[in-house]
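J.: Take a look and give me a structure for this.
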Amino acid sequence: MTTAEPLSPVSRTALSVALVRAYESSRPDPLFTDPYAAAFAAAGGVLPEAGPDSGLARALVAQGVLRTRFYDDRLLAAGAEQVVLLAAGLDTRAHRLDWPAGTRVFELDLAPVLAFKERVLDSLGARPRSLRTVLPADLLEPHWPDLLVGAGFDPVRPSAWLAEGLLVYLGPEEAAALLTAVAALAAPGSRLLLEQGRDVSATPHDPALAHLTGLWRGGLGPGTGDWLDRHGWTTDGVSLDALARRYRRPLPGPSTAGFLEALRRPEG
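T.: Prediction:
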């Protein structure tokens, strides 16, 4: 199977994420199981002949695995009846997590990504375990919040938001605009999950990973949590090292990466 419409370079990074999830799902002791990830990777033609062979590659795989499990756990713990996956890519949480009855999961991404995803899921006979809404949208365009509300999202009710692996591909102004739009839709008590941000200029050079790291623009960088705190959220963070200990999955080396969970404060 191939894509009917070519994916952009940034969109194709979702295939690398699927490959990591397929790798983890094949382990005898997986931190999560994604039964669709291998099919996405195969359909996109990214199956490798060997595992990660550089320090950076091993670090990114470890981060991707721990990130997936952490976000799985925190989205379910949020207990929100509305869940929004921004730049959802090949995320299959709507299908593989044990959502409470009545949970609505909104998946937003570019139309070619979602079309590719649906073809693979349909070929597997996949059925969601939530009330799933797939919404083609460009998050860099100002009207995507209107599309989300028009699809049934209620901004008056608390919600859970996931921006997994997204902000790093945006510039500072784009990231700020996106998070400002999220804040306008997130009722008090809503939660937002995302990476803590980092200085991408310090990323080690690895030619084999240039198709990923060459696209990184840094988003709001290390100040992401501070920005959220100034814009109506109360932010808590967890380091990758702490998650590695929690999930008993040693890291290949020291890491400064981590993740944020932000709670939307009442206005005033």
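J.: how long is stretch 228-239 from one end to the other?
T.: Stretch 228-239 has an end-to-end distance of 18 Å (Cα to Cα, to the nearest Å).
J.: So which bits of that stretch are buried?
T.: Neighbour-count burial for stretch 228-239 flags Leu228, Gly232, Trp233, Thr235, Val238 (criterion: 16 or more other Cβ atoms under 10 Å). Backbone N, C-alpha and C define where each C-beta goes, glycine included.
J.: who touches it?
T.: Residues outside stretch 228-239 that contact it (Cβ atoms under 8 Å, 6 or more residues apart in numbering) are 70, 179-180, 183, 192, 196, 225, 255-265, 267.
J.: try stretch 63-73
T.: With Cβ under 8 Å, 6+ apart as the criterion, stretch 63-73 contacts 17, 20-21, 24, 31-32, 34, 93, 97, 162, 164-165, 193, 195, 238, 240, 243-244, 247, 249, 255, 257, 259.
J.: Touching, Ala257 and Arg198? I think so.
T.: Yes: applying Cβ atoms under 8 Å as the test, Ala257 and Arg198 come out as touching, 6.8 Å apart.
J.: residues of stretch 181-198 that come out buried?
T.: By neighbour count with 16+ other Cβ under 10 Å, stretch 181-198 contains the buried residues 181-183, 185-186, 190-198.
J.: And the furthest pair within those?
T.: Leu185 and Arg198 (26.3 Å; Cβ to Cβ).
J.: Do a quick rundown of the strands in the stretch 151-268 of the chain.
T.: 160-163, 191-195, 233-239, 258-264 (DSSP state E, counting those that start in this stretch).
J.: Give me the neighbour count for Leu260.
T.: Number of residues near Leu260 (other Cβ atoms under 10 Å) recorded here: 19.
J.: The contacts of stretch 63-73, buried ones only, as a ChimeraX selection?
T.: Buried subset of the contacts of stretch 63-73, written as a ChimeraX selection, criterion 16+ other Cβ under 10 Å:
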select :17,20,21,24,31,32,34,93,97,162,164,165,193,195,238,240,243,244,249,255,257,259
